[in-house]
Every structure is written in structure tokens, then in C-alpha cells.
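Asks: sequence isn't available, so here's the structure alone:
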């Protein structure tokens, strides 16, 4: 019997078999139906006579719209910066040994996470109903002059964001091994020093993704301040279509700008996460080993 005939009578080795995936005709048919429906929907929207598509490009770079974009970015930056500081402060208070401070921080987070942001914006805009004026001796200031629509918007967005930032920071701190804080205490670090130098740098890589998501969400959430005419992007679009009645056209312009801003923010978040992961791999983030092994003395030593 020849070698090929002998090998033909034996089963082939499992490593020599080629696995062919089963055909998924059903998924391809479903995908084709979905794409066809999307194309049909886009055709109906684009060819509809109710929207003047030719007017949209002329408003994309309109000076009024650009001013609204700048103010939207300013709202986002201020709200996230103040919210981050407030969230870190709340988490420090919640970790305090003082039960009063701990309860107050917990109550703050409970209240601002449990009430709608839109209600908070309207509340701060109408704060003069509760505090008409501030008087210190002969000095008196009307609350209407102090809390403008811009101030009310920044206050509401920042205070609300601080509650969510506190939870994000708490989750990041919980992700760090408890032995790190114990080792820092053993080396003589105070709780604040351990938090600032050891715990927070390690928690940073766990908090960057949710903070980036909150920033992207804040870019869109700033549109709520249009209820107090804070002159953001949506407010400027509303002011324009109140004059020319191009409601859908101006809303599409605003949506395109929001889409562009969130896309850029997503790229920045991705870049920061990549740089941070490289730092972690390069051991740039400080850590403390809670277990230190003392080398055993050599034979004959220690006597």
C-alpha cells in the first residue's frame, strides 16, 4: 500500500482541518432591509418641500451662530472646571471623619442628582424671588443685577455637575487598591497627602473616560440654558428663526454644530486616554507597595 493510500484511510489531524463559518444569510438580509429603509427615509427628508435646504449653508458660519458656538464652549468649560473642583471637594468632605460634613456632602449629591437640571436653571434665574437684594451696611445690591442669565446658567450647570463628578471621583478612588493608602499612612503621609500624591494619580486613568463622557454630554446639555435666554448656540438659532420663520433649517444648523463639537471632543478624549494608557504602561503613575519584603541575611550574618 502506498503512502498516499495509507494516509487516506486515517482521519485528518484536527490542526489540518479548516473551519468554515456557517453562512449568515439572515443577518445580511436584515442589514439590507435596514439600509434600504434608511435610504428611503433620507430620500423623503431631503426631497421634501417643507425644508429649504439651500438656506442651511448660509447660516452655518453666520456671525450670530458663531457667537453662540463660542458661548456654548465657554459654558461647557466653566461648568466642567467648576464641577470638577466641586466634585473633588464633595468627595473629600464625604471621606471626612466629621459626620456632619459627611452627611451634608451626601445630602448635596442626593438633592442635585434627584432634581431636574431644567428646574435648577429656572430656580437660579428667579433667585430674586427668594433673595431680592443683598445688603451689607450701606452697600446694597439688587439680585437681578448680580444673577444674570449667564450667571444663572453657569451656577446651575456647575452645581449640578459637581454632584455627578463626586460620584465619578468616588468610583475612581474605589478602584485603587486599599493597600496603597495603608502603605502611604505607614510611610507618614497625611490623609490629604496620600490622596493628592498617591491615590488620585492612580484613580485618574479610571475617571478620564467618564469625565470625557460628561464633557460631551455637557456640550449638549448647555442647550437647556436657552429657557433663560442665555445666548448660547440654541438661543441664537431661536432668535434668528423667530424673525425669518426658518425653524427646522436653523435647528438643523444648530444640530450640525453640536455634532461637530461632540465629535471633536470625542477625538480629544480618545487621544487623552491613549496618552494616559502609555503613562500607565511606562510606570509614570506613582504607586506604593503595601507589602515590603526585607531580604534575609546571608549565611553567617546577623550574629
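Replies: That came in fine, so what should we check first? Keep in mind that what you see is a predicted model, and the values were worked out from it rather than measured.
Asks: what is the burial count for residue 173?
Replies: The burial count assigned to residue 173 is 18, neighbours taken as other Cβ atoms under 10 Å. C-betas here are computed from N, CA, C, even on glycine.
Asks: from residue 248, how far out is it?
Replies: 46 Å (Cβ to Cβ, to the nearest Å).
Asks: hmm, residue 204 is touching residue 175, no?
Replies: No. Between residue 204 and residue 175 there is no contact, the gap being 10.4 Å when judged by Cβ atoms under 8 Å.
Asks: out of these two, which sits in the more crowded spot?
Replies: residue 204 (17 against 12).
Asks: now the more buried one: how far from residue 211?
Replies: Remark: distance between residue 204 and residue 211 (Cβ to Cβ) = 9 Å.
Asks: can you check residue 49 too?
Replies: 45 Å.
Asks: quick one: which of the two has more around it?
Replies: residue 211 (21 against 5).
Asks: the nearest residue to residue 168 once chain neighbours are set aside: which element?
Replies: Closest residue to residue 168 apart from its sequence neighbours, by Cβ to Cβ, 6 or more residues apart in numbering: residue 210 at 4.7 Å. Per DSSP states H and E: residue 210 is located in helix 200-221.
Asks: any idea which helix or strand of the chain has the worst average confidence?
Replies: Least confident helix or strand, the chain: helix 3-8 with a mean of 51, by mean pLDDT, DSSP states H and E.
Asks: show me what secondary structure element comes after that one.
Replies: Reading on from helix 3-8 to the C-terminus, the next helix or strand found by DSSP H and E is helix 25-47.
Asks: which outside residues touch that next one?
Replies: Helix 25-47 is contacted by residues 51, 53 when judged by Cβ atoms under 8 Å, 6 or more residues apart in numbering.
Asks: what do you get if the cut-off is 10 Å, keeping everything else the same?
Replies: Contacts to helix 25-47, defined as Cβ atoms under 10 Å, 6 or more residues apart in numbering, come from residues 24, 51, 53.
Asks: OK, contacts around the last one?
Replies: Translated: residue 53. Going by Cβ under 10 Å, 6+ apart, residue 53 touches 45, 46, 47, 248, 249, 252.
Asks: and for the second one?
Replies: Contacts for residue 51 were tallied using Cβ under 10 Å, 6+ apart; they are 45, 246, 247, 248, 249, 252.
Asks: can I get these in CSV including distance to residue 143?
Replies: Formatted as CSV, the contacts of residue 51 follow (distance: Cβ to Cβ, whole Å):
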residue, distance to residue 143
45, 46
246, 37
247, 34
248, 38
249, 38
252, 38
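Asks: quickly note the distance from residue 124 to residue 96.
Replies: Between residue 124 and residue 96 the distance is 28 Å, computed by Cβ to Cβ.
Asks: where are the low-confidence patches of the stretch 1-150 of the chain?
Replies: 1-17, 20, 22 (pLDDT under 70).
Asks: burial count for residue 102?
Replies: Neighbours of residue 102 (other Cβ under 10 Å): 14.
Asks: quick one: contacts for it?
Replies: By Cβ under 10 Å, 6+ apart, residue 102 lies in contact with 93, 94, 95, 96.
Asks: show me how far whichever strand or helix holds it is from its chain's centre.
Replies: Applying DSSP H and E as the criterion places residue 102 in helix 99-114. Distance of helix 99-114 from the chain centroid (Cα atoms, centre = their mean, to the nearest Å) equals 22 Å.
Asks: how about stretch 215-222?
Replies: With Cα atoms, centre = their mean, you get 8 Å for stretch 215-222.
Asks: what's the answer for stretch 131-145, then?
Replies: 37 Å.
Asks: ok, now stretch 152-164?
Replies: The chain centre lies 14 Å from the centre of stretch 152-164; the measure is Cα atoms, centre = their mean.
Asks: circling back: in PyMOL, select just the buried ones from the contacts of residue 102.
Replies: Buried residues within these, by 16 or more other Cβ atoms under 10 Å, are selected in PyMOL with:
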select buried, resi 93+94
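Asks: next step: the contacts of residue 102 restricted to helices.
Replies: Those of the contacts of residue 102 mapping onto helices are 93, 94, per DSSP state H.
Asks: just name the closest of the contacts of residue 102 to residue 129, please.
Replies: Nearest to residue 129 among the contacts of residue 102 is residue 93, at 29.4 Å by Cβ to Cβ.
Asks: tell me which helix or strand comes right after the host helix or strand of residue 163.
Replies: Residue 163 belongs to helix 149-174 when assigned by DSSP H and E. Next along the chain after helix 149-174, taking DSSP H and E as the criterion, comes helix 178-186.
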